[in-house]
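# fold the following for me, if possible:
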Amino acid sequence: MDEQKEARYFEKTLEIAREAMEKGHDPFGSILVDDRGEILMEQRNDVGSGDPTRHDTNTLISRAALAYPPEFLWTCTVYAAMEPCCMCTGSAFWANIGHIKYLMSEHHLGELTGGGGLDLPSTEVVAHGSKDIQIEGPYEPLLPEMEDLMREWIKSWG
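Residues are numbered from 1 along each chain as shown. Just a heads-up that it's a prediction; the model follows:
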């Protein structure tokens, strides 16, 4: 993968995460990229709607599963600002997403927030499945920006 393209994809997830926070939602965002490098979909976190399952990655994958056949999704990559939780990783498994790349790990988020989430790495989730989903992260070059965004979000809790 071209490093400049990869950086742009992760920058896009950060942009979506910032927009989500500006709209009163948790600051997470993800995109779906095909094997030619085209961004097919983007999604912000929508947990603030009242549905706790409306994580950006889960919602993105649900939309993708309705729009594309599983064989095509196997060739796609989900880029996410945050490592997909076990629910979102399970959705990727069932929808047949072949690649996941994330900026910040779920564990790192827990260190910043003091815990409260599910500290179960996405690699551990897929290790118990029958598909060879490729997972990469964290994406170090933009990690400081993501940390700053998370700290800003944590301050907003009051």
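# check what pLDDT M1 gets.
With respect to pLDDT, M1 scores 65.
# just checking, next helix/strand downstream of the lowest-mean-pLDDT helix or strand in the chain?
For the chain, counting by mean pLDDT, DSSP states H and E, helix 106-113 ranks last in confidence among helices and strands (a mean of 93). Once helix 106-113 ends, the next helix or strand along the chain (criterion: DSSP states H and E) is helix 122-127.
# quick revisit: quick check: buried residues in the least confident helix or strand of the chain?
Across helix 106-113, burial judged by 16 or more other C-beta atoms under 10 Å covers E106, H108, L109. Yep, even glycine has a C-beta here, placed from its N, CA and C like the rest.
# with stretch 137-154 instead?
Applying 16+ other C-beta under 10 Å to stretch 137-154 flags G137, P138, Y139, L142, L143, E145, M146, E147, L149, M150, W153 as buried.
# so of those residues, which ones are in helices?
Taking DSSP state H, the ones among the buried residues of stretch 137-154 that sit in helices are L143, E145, M146, E147, L149, M150, W153.
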